[in-house]
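K.L.:
Predicted model, plus sequence, below.
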Amino acid sequence: MKTNIDYKLYLVTDRDILKGRDIYTAVEEAINGGVTLVQLREKNISTLDFYNIALKLKKITDNYNVPLIINDRLDVALSVDASGVHLGQKDMPASIARKIIGENKILGVSASTLEQALKAEKDGADYLGVGAIFPTSTKDDADAVSLELLKKIKDSVSIPVVAIGGISENNVGLLKPANIDGISVISDILGKEDIKMASEKLSKLINN
């Protein structure tokens, strides 16, 4: 069930940033540091590998009662009984995805315009990932979203809004006026030597 989902500190995985470190250990450390939701993002691996990683990761997230969201792949999300799926603008339409995954799974949609945000809400999204707010190296095709637009989107929809793109401990304070529901982070957690401490720092900053 998807009641009371905490979107505050939303970790998106990227094994390249881990530079060979174990993804399972990294995610567990991040959760121990305050991560409230995990999205498994894998772009260039086989379906079997994706499935196996998701299955193993779900055991960890379940252990901490943290939802696991699968990026893009509805088949993987359903096969491991993940908490939900996150779709980009070039993925399957959200309205179709909702029909496939049912009402009890979480459906997240990326948006970089007000029009996309309103459509995603209408099509059944449970939350929006809005960005890129700041320049990011992990997604070079991401459209830029101003802080003004972020606030406008937040004010225009009734579902939770998570800011994405280049968010770090140095700039997270700039997001306060937008009154968003959470931040999505890759590099500023997984790129740090001490992953647990990096999560703790961000967690403190967004809970202040």
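P.N.:
Looks like it arrived, so ask away. The shown structure was predicted, so the numbers you read here are calculated from the model rather than taken from an experiment. Numbering: from 1, shown residues only.
K.L.:
Following element in sequence after the lengthiest helix in the chain, please.
P.N.:
Among the segments of the chain that qualify as a helix by DSSP state H, the longest is helix 47-63. Later in the chain than helix 47-63, the nearest helix or strand by DSSP states H and E is strand 68-71.
K.L.:
which stretches of this structure aren't confidently modelled?
P.N.:
By pLDDT under 70, the low-scoring segments of the chain are 1-3, 139-142.
K.L.:
can you pull out the strands in it?
P.N.:
9-12, 37-40, 68-71, 84-87, 106-111, 127-130, 161-163, 182-185 (DSSP state E).
K.L.:
need those in JSON lines with mean neighbour count and distance to F50, can you?
P.N.:
Every C-beta, even on glycine, is put in place using the N, C-alpha and C of the backbone. Compiled in JSON lines, those are given as follows (neighbours: other Cβ atoms under 10 Å; distance: least, Cβ to Cβ, whole Å):
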{"stretch": "strand 9-12", "mean neighbour count": "26", "distance to F50": "15"}
{"stretch": "strand 37-40", "mean neighbour count": "26", "distance to F50": "8"}
{"stretch": "strand 68-71", "mean neighbour count": "24", "distance to F50": "8"}
{"stretch": "strand 84-87", "mean neighbour count": "25", "distance to F50": "13"}
{"stretch": "strand 106-111", "mean neighbour count": "26", "distance to F50": "18"}
{"stretch": "strand 127-130", "mean neighbour count": "27", "distance to F50": "20"}
{"stretch": "strand 161-163", "mean neighbour count": "25", "distance to F50": "23"}
{"stretch": "strand 182-185", "mean neighbour count": "24", "distance to F50": "20"}
